[in-house]
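Colleague: Sequence first, predicted coordinates after that:
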Amino acid sequence: MNDGFDAIDDLLASVGRERPLPPAAERRRLREELALSRAQLAAVLGVSASTIAGWERGSDPSGEVREKYAYFLDSARTKLTPAPPAEGPADTAAPAASAASAPVPEAEDAGADEADDMGDTDEAGDADDVDVLAVAEPCVLCGEPARHRVAGFAQHLDPAECHPLPVPETPAPEPPRPSPRPAPPHTRTAPPPPRQARRDTPRTARPDTPRTVRVAAAGRRARTEDEPGFIAARVAAAVAAHDGDIDAATAALVKRAIPDAMELLDRTRLGGRYDVVAHPAMPDVLHKQSARGPDQIWEARPKWTRPTLPEGRHEVTALDINGAYLSALKTHLPLGQLEHSTGFAHDRRRAGVHLITPPAWHHEAELPNPLGARDEPGPLWVTEPTLRLLQRLAGPKYGLCEAPEIHESYTSGSTENLLEKFRTELKDARDRALAEDDDVTLEYVKAMYSKFVSTMGTSNYNRELYRPDWMHLIRAQAFSNLWMKAFKAYENGVTVVRAMGTDELHVIGDWRAVFPEGRAVTEVKVKDVYTVGTDEQEDPDA
């Protein structure tokens, strides 16, 4: 009888062992000795360059991508292993070649990783900025299709393929001079002094002074303003790929919004002071309580309507707050793993989530509750922006409520500028699109920042960044920004009628004296105009 043994064999056959991976230093050495950038390897494995950097610092992939990464490392080691020498006289250069191909010591490579993390790069490190393009883009030097991107710009790697337009030069007139004596056969004519050789124009001013171009910052590099950035190049490539069909190009760009946003995040973090931790361990309060249920964090999302209005007919204007999530990217975000603490004290150098007993709110007739519509009393978990808003309103400047009581917190050291370069790139692209009536770029940028925020938590559409704490904090910052706009209107004599979500405010009165009208992120636009109430009835005894 082999029934029991057969069952054991079947059980063992169903268990798959993960392929072992070499140490972190060895992973990086194998890639660099093949002269491959992180971006090139990331494109083949279907991950981002920052994910490759994490693996080369010690984190391990899992599942199918682990198998692919292990296969790459095994193949790279085989390719780099020298072939056995042929029989014959000993090669005196063999020891030197063997020493050159020896593995880099662990401690030395770890130091290189640390230098990368602190943003210290040299010319050799620029190899990581070369990306292989799936769709050819115009070369920034000659305008012809190129298959590689260097430091964010499409270029030809082979100078023979690049044919920049010649720049005509007008040589300076030379004064007449006597014919030189012929030099002896064994002598050479001395070259001109280096200063003269490098000078393109004479010192005297000429009417045809060369034109200048404006230079703008591009991460840790500089570029001229006429060079296409990441977003402009993506849009141009999509329009070209769809033969000018605007609707098709827009649909394709929106579909790629999440991976493109992650690539843009990687680019804007080059040389950054802080490393973005993609998958830190989260406390239980940030884990979903069921497969489709929420976690324990309360998002103070306003959904408020003013309970009463004076008698009569009133014209209400529904205002749309432009780029609410885009503006909210500037908020205090925790950098590392959240740490637990208890007590009432609040350290403003840290950020995270807090269990608080909220203060009573006595202004519901005129202003929404900063916590939104909440029926259940007692303590609740709130985010950093919500806590700071309540503390601000409890301060002497406003005095609208008591200070919240903090029971415990999960926080980490924070910065308000972690996503600032990422936000600025998106904002500048949005501003240019508005100025040029470029609806394709406008929809693409909107999809990038809105999907970036909505999928950085537990989402199947973005598995490169798992930060549900960031998602809650950015959303809460958008709600806080909307509440402060409502309060600004109230302070200036404008009646607030409704506050909805992150970007909708209904008001009665001269709102243009409070908010500038337009489509920029610092402006508001009219979403709807309607009337409420009825005309006052005439007194029949009058």
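Modeller: Yep, that arrived.

Colleague: how would you label Asp320: helix, strand or coil?
Modeller: Going by DSSP: H, G, I helix; E, B strand; the rest coil, the secondary structure assigned to Asp320 is strand.

Colleague: Give me the distance between it and Leu482.
Modeller: As for Asp320, its distance to Leu482 is 11 Å (criterion: C-beta to C-beta, to the nearest Å). C-beta: built from backbone N, CA, C; applies to glycine.

Colleague: Comparing those two, which residue is more hemmed in?
Modeller: The residue with more neighbours, out of Asp320 and Leu482 and counting by other C-beta atoms under 10 Å, is Leu482; that gives 23 against 14.

Colleague: Let me see the contact set for the more buried one.
Modeller: Leu482 sits next to Pro302, Ile321, Ala324, Ala499, Gly501, Thr502, Asp503, Glu504, Leu505 when contact means C-beta atoms under 8 Å, 6 or more residues apart in numbering.

Colleague: For Glu405, give me its contacts.
Modeller: Contacts for Glu405 (C-beta under 8 Å, 6+ apart) come out as Phe344, Ile356, Thr357.

Colleague: Count residues in the vicinity of the closest residue to the second one other than its chain neighbours, would you?
Modeller: This means Ile356. For Ile356, the nearest residue in space outside its immediate sequence neighbours is Pro404; the separation is 4.4 Å by C-beta to C-beta, 6 or more residues apart in numbering. Summarising burial for Pro404: neighbours were counted as other C-beta under 10 Å, giving 24.

Colleague: quick revisit: out of the contacts of Glu405, give me the one that has the most neighbours.
Modeller: Each of those was scored by neighbours using other C-beta under 10 Å; the highest score is Ile356's, at 24 neighbours.

Colleague: helix/strand/coil for that one?
Modeller: Three-state secondary structure (criterion: three-state DSSP) places Ile356 in strand.

Colleague: Same question for Thr424.
Modeller: Reduced to three states with three-state DSSP, the structure at Thr424 is helix.

Colleague: any idea how far it is from Asp431?
Modeller: From Thr424 across to Asp431, the span is 10 Å (C-beta to C-beta).

Colleague: and if you look at Ala70?
Modeller: As defined by C-beta to C-beta, Ala70 lies at a distance of 45 Å from Asp431.

Colleague: what do you get for Ser412?
Modeller: Relative to Asp431, Ser412 is positioned 33 Å away (C-beta to C-beta).

Colleague: Those two: which has the busier surroundings?
Modeller: Regarding Ser412 and Asp431, a neighbour count based on other C-beta under 10 Å identifies Ser412 as having more, with 17 against 14.

Colleague: Report the contact partners of the more buried one.
Modeller: When contacts are counted by C-beta under 8 Å, 6+ apart, Ser412 touches Pro334, Leu335, Gly336, Gln337, Leu338, Glu339, Arg350, Ala351, Gly352.

Colleague: Tally up the residues packed near the first one, please.
Modeller: The reference is to Pro334. Residues near Pro334, counting by other C-beta under 10 Å: 25.

Colleague: Phi, psi for it please.
Modeller: phi -70, psi 140 (degrees, to the nearest 10).

Colleague: Quickly list what it is bridged to.
Modeller: Note on Pro334: beta-bridge partners Ser414, judged by DSSP bridges.

Colleague: The spatially closest residue to Cys139 that is not a sequence neighbour in helix, strand or coil?
Modeller: Beyond its immediate neighbours in the sequence, the residue positioned closest to Cys139 (C-beta to C-beta, 6+ apart) is Ala146, lying 4.1 Å away. Classification of Ala146 into helix, strand or coil gives strand, according to three-state DSSP.
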